[in-house]
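Asker: predicted model, plus sequence, below.
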Amino acid sequence: MTAPATTASGTTPRPAPALTPVFVRLKLSLLRNGLRQSSGRRAAYVASAVIALLFAALQLLGLILLRGNEHAATVSIILVAVLALGWAVMPLFFPSGDETLDPTRLVMLPLRPRPLVRALLVASLVGIGPLFTLCLALGAVIAVADGGAAVAVGAVAVPLALLVCVALARAVAAANIRLLTSRKGRDLAVLSGLVIAVGAQVVNFGAQRLGSSDNGLGELDPAADVLGWIPPSSALSAVHATGEARYATAAAQLALSAVALVLLLHLWQRSLTRLMTAPDGSTLAAAEPARKGRGTTGGLYAKLPAGRTGPVMERTLRYVWRDPKTKAAWVTSLAIGLIVPLFNALQGTGSIYFACFAAGMLGIQMYNQFGQDTSAFWMVAMTISRTRDAYEELRARALALLVITLPYATLVTVLTTALLGDWAALPEALGLSFALLGAMLTTGAWSSARFPYSIPQQGYKNVAPGQAGLAWISIVGGMVAAAVLCAPVLAFTIWLHTADHASWSWLLLPLGTVYGAAVTVAGLRLAAPRVAGRLPEILAAVSKG
């Protein structure tokens with residue numbers, strides 16, 4: 001027998017502690033210390049936990065009551081698929097929700113990827129999300145299990161589905177951790193509300209289609225048949241197949257989930273290995289010589305007008321592309337401006353006039369133009385010494401917005417017209433959209449000068465404390481004023497239809513275009529003196545965030 005190895009002092013070294021219990025205790029410590037930071041965070045966590053657990057209990061009860069229904073398997077399979085999609089997507093939008101999602105914090109520790117994956121996987125099972133997933137998977141199995149063999153398969157399917165969901169989230173987070181910890185990752189977090197809003201619209205549209213269909217939940221059977229072969233829904237589908245004595249199908253579906261779990265763990269391990277051995281972007285950038293011409297402007301920006309107009313347009317467009325708050329506002333307006341008219345048209349309740357919604361949503365971006373500059377507005381103020389300078393500043397910002405809003409409003413109007421099949425009304429709808437857009441630019445320029453407010457760079461609030469009233473006056477008052485400005489075009493439209501002159505509605509396209517351009521120029525000229533005379537007040541208002 002070989003004697004145990006001893007150290008220089010003659011004592012036997014202690015074996016290294018198991019990694020998994022250490023990470024479980026670390027997860028609990030992070031959770032406990034996070035709750036100790038503030039009473040507000042503690043209250044928010046408790047409230048979210050209560051709501052999540054209550055929803056999980058109600059969903060479990062609903063799935064149990066669904067047992068015996070002919071569509072129980074369809075509903076259960078789709079619910080598990082949607083849940084898995086949530087596990088895959090949520091780390092992209094909420095990377096800071098779990099401190100253990102960032103494996104780069106463990107780079108300096110002497111840890112091997114395989115035991116690290118095992119420890120992180122077990123630690124990931126601690127939390128409200130895994131408990132919610134467990135309740136849903138358990139309820140789904142109870143809803144579809146029929147017979148002792150199906151119950152036995154369900155005992156394997158529930159933990160397998162849970163592990164696949166957790167491993168999927170970890171693999172996605174590890175593969176994109178460089179993105180999530182960068183500026184683009186923060187942009188994704190800001191856009192998370194938009195994804196939820198669009199998803200809610202899709203769910204609402206699907207619910208209405210199901211409610212109006214004679215087949216009811218039977219409309220989802222084809223989708224469930226496909227999702228039944230995609231992990232982790234395939235594990236639940238195996239339980240249903242076992243109850244129907246389709247044992248070969250059940251074995252194949254259960255094996256698919258098991259293979260998916262192995263592949264996800266392998267991909268996760270490869271991502272960890274790459275993160276712990278490859279240099280990061282900051283190291284490469286530091287070792288890389290400065291590229292020549294980095295500060296020059298090229299591409300589409302080189303085609304912008306000369307003088308003050310071009311640089312101001314470029315700055316505004318770069319705000320849209322790079323500033324998280326500005327980008328979130330633009331993407332939200334673009335998405336909602338498209339969803340509302342198109343979804344109403346698809347549901348059969350739409351109107352060609354709903355296409356004007358896109359112009360209205362995009363015109364809002366003209367409001368509070370100086371708020372996005374924050375305290376850096378002082379550099380803009382230094383370049384304005386007369387009314388002409390202020391007019392050119394406002395005109396360039398309006399032109400930058402028109403670069404995006406004009407083609408997009410036209411696209412939405414054409415798509416809405418195509419879905420409704422009312423091509424004769426296309427010129428009328430375009431004319432009204434252009435007139436409304438011009439009115440929004442007019443009131444936006446004036447309210448930017450009269451009611452500026454600060455946009456905080458940190459957090460999710462879009463208004464600095466104490467300035468909510470200014471924001472409401474600026475936006476709501478401006479929208480009402482824009483509607484009043486459009487009154488002549490609206491009156492002419494109503495007169496054409498009531499006097500049986502609908503065949504002349506094509507006149508609204510040139511009329512609305514000219515009217516929108518005219519009110520825009522007039523509004524910019526009226527707002528320019530106020531901007532030039534209130535530069536200190538504007539700077540003080542936009543610097544509070």
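Answerer: Done, it's in.

Asker: how does the chain divide into domains?
Answerer: 19-278, 306-542 (automatic domain parsing).

Asker: in the chain, which helix or strand is least confident?
Answerer: helix 281-287 (a mean of 47; mean pLDDT, DSSP states H and E).

Asker: mind checking what helix or strand follows it in sequence?
Answerer: helix 309-322 (DSSP states H and E).

Asker: tell me the buried residues in the helix or strand that comes right after that following helix?
Answerer: Downstream of helix 309-322, the first helix or strand assigned by DSSP H and E is helix 324-346. For helix 324-346, the neighbour count (16 or more other C-beta atoms under 10 Å) marks 324-345 as buried. Any C-beta I mention is one placed from the backbone N, CA and C, and that applies to glycine too.

Asker: kindly report the same for stretch 381-400.
Answerer: Those would be 381, 384, 389-400, for stretch 381-400 by 16+ other C-beta under 10 Å.

Asker: low pLDDT regions in the stretch 401-545 of the chain?
Answerer: Within the stretch 401-545 of the chain, the set of residues satisfying pLDDT under 70 comprises 458-461, 465-466, 545.

Asker: re earlier: give me the subset of the buried residues of stretch 381-400 lying in helices.
Answerer: The helices, defined by DSSP state H, take in 381, 389-400 from the buried residues of stretch 381-400.

Asker: adding pLDDT, write the residues you listed out as a markdown table.
Answerer: Output for these, formatted as a markdown table (pLDDT from 0 to 100):
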| residue | pLDDT |
| --- | --- |
| 381 | 88 |
| 389 | 91 |
| 390 | 91 |
| 391 | 92 |
| 392 | 91 |
| 393 | 91 |
| 394 | 92 |
| 395 | 92 |
| 396 | 92 |
| 397 | 93 |
| 398 | 92 |
| 399 | 92 |
| 400 | 91 |
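
Asker: quick revisit: give me whichever of the domains of the chain is most buried.
Answerer: domain 306-542 (a mean of 19; mean count of other C-beta atoms under 10 Å).

Asker: quote the end-to-end distance of it.
Answerer: 28 Å (C-alpha to C-alpha, to the nearest Å).

Asker: can you give the distance of it from its chain's centre?
Answerer: Offset of domain 306-542 from its chain centre (C-alpha atoms, centre = their mean, to the nearest Å): 23 Å.

Asker: ok, stretch 78-90 next?
Answerer: The answer for stretch 78-90 is 16 Å, by C-alpha atoms, centre = their mean.

Asker: now do that stretch, average pLDDT.
Answerer: The pLDDT scores in stretch 78-90 average 87.

Asker: now do stretch 120-129
Answerer: 86.

Asker: start and end of it, how far apart?
Answerer: 15 Å.

Asker: what separation do you get for residue 521 and residue 506?
Answerer: 24 Å (C-beta to C-beta, to the nearest Å).

Asker: can I assume residue 453 is in contact with residue 472?
Answerer: No: Residue 453 is beyond contact range of residue 472, at 9.9 Å (criterion: C-beta atoms under 8 Å).

Asker: residue 541: what's it in contact with?
Answerer: 452, 453, 454, 467, 470 (C-beta atoms under 8 Å, 6 or more residues apart in numbering).

Asker: how about a cut-off of 10 Å?
Answerer: Taking C-beta atoms under 10 Å, 6 or more residues apart in numbering as the criterion, residue 541 is in contact with 368, 370, 371, 377, 451, 452, 453, 454, 464, 467, 470, 534.

Asker: and the last one, its phi and psi?
Answerer: Same thing as residue 534. phi -120, psi 30 (degrees, to the nearest 10).

Asker: and for the fourth one?
Answerer: Recorded main-chain torsions at residue 377 are phi -60, psi -20, according to degrees, to the nearest 10.

Asker: now the fifth one
Answerer: Summarising the backbone geometry of residue 451 under the convention degrees, to the nearest 10, its torsions are phi -130, psi 60.

Asker: for the second one, same thing?
Answerer: Reported as degrees, to the nearest 10, the phi and psi values for residue 370 are phi -80, psi -10.

Asker: residues contacting it?
Answerer: Applying C-beta under 10 Å, 6+ apart, the residues near residue 370 are 377, 380-381, 393-394, 397, 448-449, 452-455, 531, 535, 538-539, 541-542.

Asker: and which of the ones in helices among the buried residues of stretch 381-400 is nearest to residue 308?
Answerer: residue 392 (4.8 Å; C-beta to C-beta).

Asker: which non-adjacent residue is nearest that closest one?
Answerer: Spatial nearest neighbour of residue 392, chain neighbours left out: residue 308 (4.8 Å); criterion: C-beta to C-beta, 6 or more residues apart in numbering.

Asker: that neighbour and residue 435: what is the separation?
Answerer: 28 Å.

Asker: do residue 348 as well
Answerer: 27 Å.

Asker: again with residue 146
Answerer: Distance from residue 146 to residue 435, by C-beta to C-beta: 63 Å.

Asker: for the stretch 351-500 of the chain, just list every one of the helices.
Answerer: Using DSSP state H, counting those that start in this stretch, the helices of the stretch 351-500 of the chain run over residues 356-363, 377-381, 387-420, 426-450, 468-472, 478-485, 487-498.

Asker: returning to that earlier point: residues shared between the contacts of residue 453 and residue 472?
Answerer: Shared contacts of residue 453 and residue 472, counting by C-beta under 10 Å, 6+ apart, come down to residue 463.
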